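# make a model of this:
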Amino acid sequence: MTFRFAATAAFASTLLMGAAVQAQTVFTVSSWLPPTHTLSQAQKSWCDAVEKDSAGRLKCNILPKGVVAAPGTFDAVRDGLADISYTVDGYTPGRFINTQVAEFPFLGDSAVQTSVAYQRIYSKYFAPLGEHRGVKVLGVFTHGPGIIFNSKKPVTSAADASSLKFRIGGGNINELSKAMGWNTTLKAATESFELLSTGVMDGTFFPDESVASFKLNMIKHATTFPGGLYNTSFVFMMNPDKYKALSAQDKAVVDKLSGEYVARLFGAGWDKVDAASRDGAQKAQGVARIQADKAFIKAVADKQDYLETKWAASTMVKGLKDPKKVLAEYRPEIKNVK
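I've put the predicted structure just below:
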């Protein structure tokens with residue numbers, strides 16, 4: 001009798017353990033940047049948080065390298081090649097229009113502020129329009145202020161920039177560079193070292209962080225702009241079918257760790273490594289930093305005025321009712337973020 005009871009209890013325990021194992025969901029997580037990069041680190045921190053808050057029901061399997069190159073990441077997550085990843089909207093020109101609002105010049109000097117304000121604008125205006133249709137958006141964010149970096153000479157004017165060849169990341173800066181008459185080529189960030197070290201490019205438009213993370217020891221000059229020459233819009237996303245398959249309890253965990261949580265997490269990481277690059281790698285390699293003067297700033301602003309009018313017209317075609325109101329709301333919201 002005792003033996004039968006013990007056997008029954010053991011069998012029941014085995015079934016319960018099996019059910020617990022089956023209840024665990026593992027996300028396949030992809031990153032096209034090295035594990036040491038701030039975006040890979042922020043993604044890992046998100047995975048740690050989701051595992052903790054779900055009491056271990058949700059876990060991440062972070063792959064050793066990206067399932068595809070950066071420009072193909074959105075489609076890879078949409079199609080289920082990876083469950084979770086992030087990408088740059090501007091890597092697929094013409095696909096994401098509304099999000100260019102987060103890429104304009106002079107927005108702000110803190111990635112936390114620009115990211116959180118962008119998330120608020122995105123949730124209010126862009127998400128209802130299905131801007132990233134095909135994926136479950138976990139959050140949107142930006143990097144720190146964009147800077148002109150090069151290995152050749154100080155860039156003190158638009159004319160100076162015109163004499164050099166630059167790698168850029170796409171989005172509004174691609175349009176602005178064309179309007180300024182600059183010689184730029186759209187390439188993924190991961191190609192920067194090869195492009196600059198071989199002399200194919202003289203410089204790159206990047207936030208401070210990237211000089212250190214991509215080991216751009218050939219960089220000698222930096223030209224900064226108040227609030228940045230440009231910024232970049234990123235999306236952190238999940239495969240929609242993976243999300244739909246979650247229990248209501250686990251969806252609540254993911255939802256709690258989405259939106260502004262993501263914007264602050266990724267933005268704070270970027271602010272930290274921007275400062276580390278300025279005070280570390282850039283000082284060590286003797287990068288000479290100058291700030292664009294009023295004439296240079298005005299030259300950029302004059303061209304950007306036209307681009308913002310063009311952006312507004314394009315977004316109205318996409319269903320955005322009052323793009324000028326959105327832009328007028330976004331800029332002050334950045335300053336309001338604490």
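# isn't residue 192 right up against residue 218?
No. Here residue 192 lies out of contact with residue 218, judged by Cβ atoms under 8 Å, at a distance of 10.2 Å. (Glycine included, C-beta is placed from N, CA and C.)
# got phi/psi on residue 185?
As for residue 185, its main-chain torsions (degrees, to the nearest 10) stand at phi -130, psi 130.
# to clarify, my last question referred to residue 148.
The phi/psi pair for residue 148 (degrees, to the nearest 10) is phi -90, psi 110.
# show me what contacts it?
155, 161, 166, 203, 205, 222-223, 229 (Cβ atoms under 8 Å, 6 or more residues apart in numbering).
# any idea how far it is from residue 273?
Distance, residue 148 to residue 273, by Cβ to Cβ, to the nearest Å: 19 Å.
# all helices for the stretch 51-200 of the chain, in order.
Assigned helices in the stretch 51-200 of the chain, in chain order: 73-78, 111-121, 158-162, 172-180, 192-197 (criterion: DSSP state H, counting those that start in this stretch).
# the following helix or strand past the last one: partners in the sheet, and parallel or antiparallel?
Sequence-wise, the next helix or strand beyond helix 192-197 is strand 203-206, with elements assigned using DSSP states H and E. According to DSSP bridges, the neighbouring strands of strand 203-206, each with its direction, are strand 147-150 (antiparallel), strand 165-168 (parallel).
# can you give the domain ranges for this protein?
21-92+110-142+232-274, 147-230+285-336 (automatic domain parsing).
# ok, residues contacting stretch 308-328?
So stretch 308-328 is in contact with 97-98, 100-101, 104, 121, 125-126, 129, 131, 172, 175, going by Cβ under 8 Å, 6+ apart.
# sort out for me which of those residues are in strands.
Applying DSSP state E to these, no entry is found in strands.
# so how do I select the buried members of those residues in PyMOL?
Selection of the buried residues among the contacts of stretch 308-328 in PyMOL, burial being defined by 16 or more other Cβ atoms under 10 Å:
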select buried, resi 97+98+100+101+104+121+125+126+131+172+175
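# which stretches of the stretch 201-338 of the chain form helices?
So, for the stretch 201-338 of the chain - with DSSP H, counting those that start in this stretch - the helices run 209-213, 240-244, 248-256, 260-279, 281-284, 294-317, 323-336.
# return the set of buried residues in the last one.
Applying a neighbour-count criterion of 16+ other Cβ under 10 Å, one finds 323, 326-327, 329-330, 333-334 buried in helix 323-336.
# residue closest to the middle of this structure?
Geometric centre of the chain, nearest residue: residue 234, 3.0 Å, by Cα atoms, centre = their mean.
# for the closest residue to that one other than its chain neighbours, give its distance to residue 218.
Leaving aside its chain neighbours, residue 234 sits nearest to residue 141 (5.2 Å; criterion: Cβ to Cβ, 6 or more residues apart in numbering). Applying Cβ to Cβ, the value for residue 141 to residue 218 is 28 Å.
# who touches the nearest residue to residue 300 once chain neighbours are set aside in this structure?
Of all residues not flanking residue 300 in the chain, residue 105 sits nearest, at 5.7 Å (Cβ to Cβ, 6+ apart). Listed by Cβ under 8 Å, 6+ apart, the contact partners of residue 105 are 176, 225, 227-230, 300-301, 304.
# would you list the buried entries among these?
Counted by 16+ other Cβ under 10 Å, the contacts of residue 105 give 176, 225, 227-230, 300, 304 as buried.
# what's the most distant pair in the residues you listed?
176 and 227 (14.0 Å; Cβ to Cβ).
# nearest to residue 70, of the strands paired with strand 203-206?
Closest among these, using Cβ to Cβ: strand 165-168, at 13.3 Å.
# looks like residue 50 contacts residue 257 (just checking).
Yes. Judged on Cβ under 8 Å, residue 50 makes contact with residue 257 at a distance of 5.6 Å.
# which one's more surrounded, those two?
Between residue 50 and residue 257, residue 50 has the larger neighbour count (other Cβ atoms under 10 Å), namely 23 against 20.
# the more buried one: what's it in contact with?
58, 60, 253-254, 257.
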